[in-house]
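S.K.: I need the structure of the sequence given here:
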Amino acid sequence: QVQLVESGGGLVQPGGSLRLSCAASGFTFSSYAMIWYRQAPGKERELVATVSSPGSSTSYSDSVKGRFTISRDNAKNTVYLQMNRLKPEDTAVYYCNRRPVTARSYWGQGTQVTVSS
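M.R.: Below you'll find the model as predicted:
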């Protein structure tokens, strides 16, 4: 079965950096585009970044463009999110998933990112 384990979150000051990881198993990782989402308290889940199955193409939400970088290592079945110049509004639980996301998609536990001084 599909398993997604996010890690790397924590408490960081504004302007700081974090690198999130998502270890995937239970499916052919290299065949799927991967997505990072986030959900802040009281808000809907937001798509943050997408990377194509070979890793050659990426896209970002306007709110993180220029600050976040998504990448993947298909040999390790892992997708990453490098987050730089973090802002308090980046505070959220971050999740990864494979595309397409449907109502039946499995979700991992996520990793909490808190940006605060």
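S.K.: what's near enough to touch Leu47?
M.R.: 35-37, 61 (Cβ atoms under 8 Å, 6 or more residues apart in numbering). Every C-beta, even on glycine, is put in place using the N, C-alpha and C of the backbone.
S.K.: do you know how far it is from Ser105?
M.R.: 13 Å (Cβ to Cβ, to the nearest Å).
S.K.: Need the pLDDT of Ala103.
M.R.: Looking at Ala103, its pLDDT is 89.
S.K.: do you know how far it is from Arg72?
M.R.: Distance from Ala103 to Arg72, by Cβ to Cβ: 25 Å.
S.K.: Check Lys87 too.
M.R.: 25 Å.
S.K.: Which secondary structure state does the most centrally placed residue in the chain sit in?
M.R.: What sits nearest the mean C-alpha location of the chain, by Cα atoms, centre = their mean, is Trp36, with 2.9 Å. Put simply, Trp36 is strand when judged by DSSP: H, G, I helix; E, B strand; the rest coil.
S.K.: Is it bridged to anything, and to what?
M.R.: Ala49, Cys96 (DSSP bridges).
S.K.: right, and it touches Cys96 too?
M.R.: Yes - Trp36 is within contact range of Cys96, at 5.4 Å (criterion: Cβ atoms under 8 Å).
S.K.: hmm, back to that, can you give me every residue that contacts the residue nearest to the centre of the chain?
M.R.: Trp36 is in contact with 20, 22, 47-50, 70, 79, 81, 94-96, counting by Cβ under 8 Å, 6+ apart.
S.K.: Any of the residues you listed buried? List them.
M.R.: 20, 22, 48-50, 70, 79, 81, 94-96 (16 or more other Cβ atoms under 10 Å).
S.K.: and Pro88, backbone torsions?
M.R.: Dihedral pair for Pro88: phi -50, psi -30, per degrees, to the nearest 10.
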